[in-house]
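A.B. asks: coords below, sequence missing:
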């Protein structure tokens, strides 16, 4: 287990920002950490990265306790905070050299060159950081987070400020890093979660309300399965409702129907048999899946 969080709590005065949170993140996994503003995401990340002490509970990173061995933990982690702190009066390459010195990297020039290429900073490497767009500053932040080749990457809103083309590149980079390292990242972009994550944690009011593989997340909110079907010919609703497993039907267009079944039952095979036995031509047949956004809204309202 690269990151293990057990019974983690953080109290600010009378506010319990994080309330007995427990989860684990493994190597080769991209873990999406979701929640509305003020839910406790950033606080949890700051505790994992030793920027803030916890009130209760235990956090281990690569076998090291964040309280007992904070320097060892920092060596294992690459961190991009939500508000990317950079020295704006330094040049990109100069800043990365400075960070390489902090991390005591033995071959800094080669490693910096690799990071500049990986994050697409080639044309910007000789510019002042203060002269860069927000998207390129994010790239500089990513480069410094990965500079010392950490085992764990903690990324808080890593794609904030990126344009659509940059988004594709950085998502691809995060996915690539997730094959070799443990990646925990927070985002408000639900499409990003579906594109990148193996596991998703949703936190609300300091408590975890979901911790599931991405493909099973929809089961958190759905007791019914919706199946969309379209026939070439007209079909009577009463006949459709007699299909095994179908509880009710809803017309959604010309010869188009939504079939509702319970307990996550997949009725597509039964619909296909029905079409064959009644000499009907199927134009469309698919099971509707709840999006991450649907689940998020349901669990955090």
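C.D. replies: Happy to help now that I have it. All values derive from a computational prediction rather than experimental measurement.

A.B. asks: and the spatially most central residue of the chain, helix, strand or coil?
C.D. replies: Residue closest to the average C-alpha location in the chain (CA atoms, centre = their mean): residue 32, at 2.6 Å. On the three-state scheme (DSSP: H, G, I helix; E, B strand; the rest coil), residue 32 is labelled strand.

A.B. asks: doesn't residue 195 make contact with it?
C.D. replies: No - applying CB atoms under 8 Å as the test, residue 32 and residue 195 come out as separate, 10.1 Å apart. Placement of C-beta: from N, CA and C, glycine included.

A.B. asks: Provide the strand pairings for the helix or strand encompassing residue 228, with the direction of each partner.
C.D. replies: Under the criterion of DSSP states H and E, residue 228 resides in strand 224-231. Sheet pairing for strand 224-231, assigned by DSSP bridges, gives strand 256-262 (antiparallel), strand 282-288 (antiparallel).

A.B. asks: quick one: contacts of the last one?
C.D. replies: Taking CB atoms under 8 Å, 6 or more residues apart in numbering as the criterion, the residues outside strand 282-288 that touch it are 225-232, 255-256, 258, 266, 268, 271-272, 275.

A.B. asks: Point out the most buried one among the strands paired with strand 224-231.
C.D. replies: Sort the strands paired with strand 224-231 by mean neighbour count, taking mean count of other CB atoms under 10 Å, and strand 256-262 sits at the top with a mean of 18.

A.B. asks: Whatever helix or strand comes next after that one packs against which elements?
C.D. replies: Remark: after strand 256-262, the chain's next helix or strand is helix 268-277, criterion DSSP H and E. Helix 268-277 is packed against strand 224-231, strand 282-288, with contacts defined by 3 or more CB pairs under 8 Å, 6 or more residues apart in numbering; DSSP states H and E.

A.B. asks: and helix 268-277 with strand 256-262, angle?
C.D. replies: With axes from the mean of the first three to the mean of the last three CA atoms, to 10 degrees applied, the angle from helix 268-277 to strand 256-262 works out at 130 degrees.

A.B. asks: now residue 168: how far from residue 174?
C.D. replies: 11 Å (CB to CB, to the nearest Å).

A.B. asks: Report the set of residues contacting both of the two.
C.D. replies: With CB under 8 Å, 6+ apart, residue 168 and residue 174 have no common neighbours.

A.B. asks: who has more neighbours, these two?
C.D. replies: Between residue 168 and residue 174, counted using other CB atoms under 10 Å, residue 174 has the larger neighbour count: 21 against 12.

A.B. asks: Give me the average confidence score over the helix ranked longest in the chain.
C.D. replies: Assignment by DSSP state H gives helix 164-180 as the longest helix of the chain. Confidence for helix 164-180, expressed as mean pLDDT, is 85.

A.B. asks: So what touches stretch 80-92?
C.D. replies: The contact list for stretch 80-92 (CB under 8 Å, 6+ apart) reads 42, 45-46, 51, 95, 98, 116, 121, 124-130, 132, 137-138, 140-142, 144-145, 153-158, 160, 186.

A.B. asks: Figure out the length between the terminal residues of that stretch.
C.D. replies: End-to-end span of stretch 80-92 (CA to CA, to the nearest Å): 16 Å.
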